[in-house]
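1. Give me a model of this one.
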Amino acid sequence: MAATASSATMARRLRAFKRWMKSQGIDCSDALEITHSVEQGICVYAKCDLEEGDVVATIPKDSCLTVNTSSAKDIIEDYGFEGPLGLSFALMYEISLGHASPWAPYLHLLPDSEPLPLVWTLDEVDSLLCGTELHKEQMVKEDKVLIYDDWKENILPLMDSTSLKLNPDFFGAEQYIAAKSLVASRSFEVDDYHGFGMVPLADLFNHKTGAENVHFTTELSNGDSDNDTDNNDESKNTSDDKPLYENSCNDGNWEDPSYLRDDSKILETIIVKRVKAGDEVFNTYGSMGNAGLLHRYGFTEPDNPNDIVNIDLELVLHWSSALFSGRHSRGRLSLWRRLDYHGCDSQNSEYFEISSNGEPQVELLILLYIMLLPEEAYNELDLYACTAGNLNLNEIAISLEKGIISFGKTSEISKELLLTKSVCDALSGLADARESLYASSSVDNDIDALKNCCISDQKLYHSLTLRVSERMILKKLRAYAATAAAQSHTTTAKGFLSRKKSKKIT
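-> Numbering: from 1, shown residues only. Reported below is the predicted structural model:
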């Protein structure tokens, strides 16, 4: 609805929403201004300077749309719907009630769906996301299959019930996927009783990495104060690569859920970083790269410092097979594992991360180094690894003309020593191989297309932003390899092993 509504229509809906908030006891400070534009959508601005500790809004939990507050509560309980399934059904049910829903003014403010790749057509996914981390891992297609199966198993049978009298226009597979996109991108955990819910006003604050101004917390009815626990630490990024089916709640700036006590009836919006008059007031949805933001929330950020590109182990082995025999590659990989190294794991695949500045994960450098070791050095290292055993492997070192490489904790390994000319050449080759997955014109052409793209064309704009951000990282990886190669002297392994003082690898 809101996604295609005119500015005049949105202005009327905003006024109706503000009246509804007052009727529900939602107190939004006069210091906040909620605006809408075609380019930016809904934004929240500061009308005056806001200082740290200012409470700018209070939201009664009963005003939140949850399984327990929904008109569909009895149906949800009778059929045993839980978690995101229950909330998605509750949202669909309230939408089906139209103006009769207690949340109608709030629901009218929401789009039909969020522009997550989940709601794109398969042709759009294949053409716009080709080569990106989202497309490479088949996440979006997996989301679609799982969510459709979820609808078919749980929602479709209800439409045949004569007692429920559900309007099929509001409970079809398309409507369920749309509801899932809203729940995935907008819901928060309210407390143990309510579970996840749609929280009016709280979901209007836009995200900005590293620039959050507000936290949401609970006001306890007995007057106790909450522990000030930040729920926006780096660990939240660990769910970026899971299917959306498994990630259906907002990781935004709520206090730690363990402190969302049931005896608190009010949610508070508190300023945690000063905001100047006229500036937008931002929340943050967690520290994640553009692939995670687009997958879970339907947008991207230019120059996102959390962006990464993954080099799959399979791609490394493909590179190796072009240079060496299969026996060579398998043996070197086995040695790397016996030295207790591994990449990152996700959905039965193993990969290595390239950070936003183009720096590769050290485990990748170690693997490439071992792949390229002269036979004599490899044999001695392999012999020592077999003798030491996997569980009690002592730190070992290869003596090089430049120094000693200690195969122990990755944090103690010198990347400078690993970056031989041959390793740098391998990094450049892997960057080229990874970029070939985009199957399109150059990154410069993508940059030009992004400059000429209107942000209102959300699918194209955000997919181009993701593509450009990933391809620029690969460009930085090549520059990283070229610089390291230029600085590297001819470094060859002598095949000499030395044992440092005994020290178990942890």
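
2. going forward, measure contacts between C-alpha atoms and count neighbours the same way
-> Will do.

3. Next, please give the residue ranges for the helices of the stretch 201-350 of the chain.
-> According to DSSP state H, counting those that start in this stretch, the stretch 201-350 of the chain carries its helices in the segments 290-297, 313-321, 326-338.

4. Include distance to residue 459, mean neighbour count and mean pLDDT when you put the ones you listed into a markdown table, please.
-> A markdown table is the format used below for the helices of the stretch 201-350 of the chain (distance: least, Cα to Cα, whole Å; neighbours: other Cα atoms under 10 Å; pLDDT from 0 to 100):
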| stretch | distance to residue 459 | mean neighbour count | mean pLDDT |
| --- | --- | --- | --- |
| helix 290-297 | 10 | 26 | 94 |
| helix 313-321 | 28 | 17 | 96 |
| helix 326-338 | 40 | 17 | 94 |
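
5. any chance of these in TSV, plus distance to residue 148?
-> Formatted as TSV, these follow (distance: least, Cα to Cα, whole Å):
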stretch	distance to residue 148
helix 290-297	17
helix 313-321	30
helix 326-338	39
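
6. looking at those helices, which is closest to residue 70?
-> Of all the helices of the stretch 201-350 of the chain, it is helix 290-297 that lies closest to residue 70, at 23.8 Å by Cα to Cα.

7. where does this protein have low pLDDT?
-> By pLDDT under 70, the low-scoring segments of the chain are 1-5, 219-263, 388-413, 489-506.

8. In it, spot the helix with the most residues.
-> For the chain, the longest helix by residue count, based on DSSP state H, is helix 458-487.

9. Buried residues, it. List them.
-> 458-482, 484-485 (16 or more other Cα atoms under 10 Å).

10. got the angle for that helix vs helix 290-297?
-> Helix 458-487 runs at 160 degrees relative to helix 290-297, counting by axes from the mean of the first three to the mean of the last three Cα atoms, to 10 degrees.

11. got the residue ranges for the helices in the stretch 1-150 of the chain?
-> Under the criterion DSSP H, counting those that start in this stretch, helices of the stretch 1-150 of the chain are mapped to 7-23, 73-78, 83-96, 104-109, 122-128, 133-136, 139-154.

12. can you count the residues close to residue 169?
-> Around residue 169 there are 10 other residues, counting by other Cα atoms under 10 Å.

13. Backbone dihedrals for it, please?
-> The phi and psi values for residue 169, taken as degrees, to the nearest 10, are phi -70, psi -20.

14. Please report the distance of it from residue 94.
-> 13 Å (Cα to Cα, to the nearest Å).

15. Residue 468 now?
-> Residue 468 sits 40 Å away from residue 94, going by Cα to Cα.

16. right, and residue 83 touches residue 197 too?
-> No. Counting by Cα atoms under 8 Å, residue 83 stays clear of residue 197, with 9.7 Å between them.

17. For the two, indicate the residue with more neighbours.
-> Using other Cα under 10 Å as the criterion, residue 83 and residue 197 rank with residue 197 on top: 29 against 13.

18. what's the nearest residue to the more buried one if we skip its chain neighbours?
-> Closest residue to residue 197 apart from its sequence neighbours, by Cα to Cα, 6 or more residues apart in numbering: residue 66 at 4.4 Å.

19. Check residue 24 too.
-> Using Cα to Cα, 6+ apart, the closest residue to residue 24 is residue 63 (6.1 Å).

20. now swap in residue 26 and tell me
-> Closest to residue 26 by Cα to Cα, 6+ apart is residue 59, at 4.7 Å.

21. Quick one: residues contacting the one you found.
-> 25, 26, 27, 200, 266, 267, 268 (Cα atoms under 8 Å, 6 or more residues apart in numbering).

22. how close does the most centrally placed residue in the chain sit to residue 328?
-> When Cα atoms, centre = their mean is applied to the chain, the residue found nearest the centroid is residue 292 (2.5 Å). Distance of residue 292 to residue 328, computed by Cα to Cα: 36 Å.
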